[in-house]
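> Following is a predicted model, sequence given first.
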Amino acid sequence: MRTVRIKRQECSEHGTFGVLTADTGFSCVTGELPDKNNQQSISCIPKGTYTVKWGVSPKYGPCYHVQNVPGRSHVLIHPANLMGDKQKGYVAQLEGCIALGKSKETFSPGSIPTLPMKQPQKGVSASKQTVENFVKLLGQQDFQLIIE
């Protein structure tokens, strides 16, 4: 089984950001919700080792599903640009899932016309393309995810 690691590097009200590295050599940035002690829908998942399987989400279609997250279900890897703390006025396109991106950057209000940003916010760029590249490289195979 392949191994994928996420090394978290920064956590703030903008989100939790890290670097994903697969044993294939693939690398990208990650974005997750801020760390709020694994609270459902508003927090990143706990550090640990998880099995990730290919499946179908009613909302996102075919995607990777992180298995056996304590107290959680439907933790996916899918495209998203923003993962801020909604309670502090930031935009989040995640509810506990993991987004992949080309780079971490700061988005200005209006830079993503479909999102109601009120203030500049850190996020990840080129998420849809990065997720597509990751899926293509892994060929929809299951893998072990280590979050540290």
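All right, it came through fine.

> can you give me the helices in the protein?
127-138 (DSSP state H).

> so where do the strands sit in it?
Per DSSP state E, the chain carries strands over the ranges 2-12, 15-22, 27-32, 48-57, 61-66, 75-77, 99-101, 104-107, 121-124, 143-147.

> quick one: strands adjacent to the longest one?
Using DSSP bridges, the strands paired with strand 2-12 in its sheet are strand 15-22 (antiparallel), strand 143-147 (parallel).

> between it and strand 48-57, how big is the angle?
Calculated by axes from the mean of the first three to the mean of the last three CA atoms, to 10 degrees, strand 2-12 forms an angle of 100 degrees with strand 48-57.

> Leu137 is nearest to which of the strands paired with strand 2-12?
Closest of the strands paired with strand 2-12 to Leu137 is strand 15-22, at 7.0 Å (criterion: CB to CB). No exception for glycine: its C-beta is placed from N, CA and C like everyone else's.

> can you list the residues that contact that closest one?
2-11, 26-35, 44, 82-85, 92, 100, 104, 122-124, 134, 137-138, 143 (CB atoms under 8 Å, 6 or more residues apart in numbering).

> quick one: pLDDT of the residue nearest to the spatial centre of the chain?
When CA atoms, centre = their mean is applied to the chain, the residue found nearest the centroid is Ile98 (1.9 Å). At Ile98, the model reports a pLDDT of 98.

> who's in contact with the closest residue to it other than its chain neighbours?
Distances taken as CB to CB, 6 or more residues apart in numbering put Ile77 closest to Ile98, at 4.8 Å, once the chain neighbours are dropped. Ile77 makes contact with 52, 63-64, 66, 97-100, 131, 134, according to CB under 8 Å, 6+ apart.
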